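Novice: structure for the following, please:
(one chain, ligands or ions: 1)
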Amino acid sequence: MITFAEVKCYNCENSFPVYWNNWEKNLPIRCPFCIASFNEKFTEMLKHSLGTVNELNKELRSRHSDGSHDLFQVDFKHVYVPIDKYRLDD
Ligand SMILES: [Zn+2]
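Specialist: Below is the predicted model:
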């Protein structure tokens, strides 16, 4: 399994992957299209997020293979909706 994040750059509206495997090869994290960059804080936060997702899915597969848990794999999606486009029911 390959764990990666798909990062959308709102400077140029393009997306690019950041891989958990060979983390160091991702650095510095910047948009390959317009070279907008992550700062150190957000690079660290992305590293921790990817590591957590990778560990979660690895553990789920492991517990399934030893017969102690049903198999699940988790992906995350995040969709940005501008606040003025958001329709509340009330
Ligand atoms: Zn960009």
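
Novice: how about the residues of the protein near the ion?
Specialist: Within reach of the ion by Cβ under 5 Å from the ion, the chain has these residues: 9, 11-12, 31, 33-34, 36. In this view, the C-beta of every residue, glycine as well, is placed from N, C-alpha and C.

Novice: can I get these in CSV with pLDDT, neighbour count and secondary structure?
Specialist: Converted to CSV, the residues of the chain next to the ion look like this (pLDDT from 0 to 100; neighbours: other Cβ atoms under 10 Å; DSSP: H, G, I helix; E, B strand; the rest coil):
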residue, pLDDT, neighbour count, secondary structure
Cys9, 97, 17, coil
Asn11, 97, 12, coil
Cys12, 98, 13, coil
Cys31, 98, 18, coil
Phe33, 98, 13, coil
Cys34, 98, 12, coil
Ala36, 98, 13, coil
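
Novice: give me the residue ranges of the chain where confidence is low.
Specialist: Where the chain drops to pLDDT under 70, the residues are 90.

Novice: okay, strands next: where are they in it?
Specialist: Assigned by DSSP state E, the strands in the chain fall at 4-8, 15-19.

Novice: show me what the first one is packed against.
Specialist: Put plainly, it is strand 4-8. Counting by 3 or more Cβ pairs under 8 Å, 6 or more residues apart in numbering; DSSP states H and E, the packing neighbours recorded for strand 4-8 are strand 15-19, helix 40-65.
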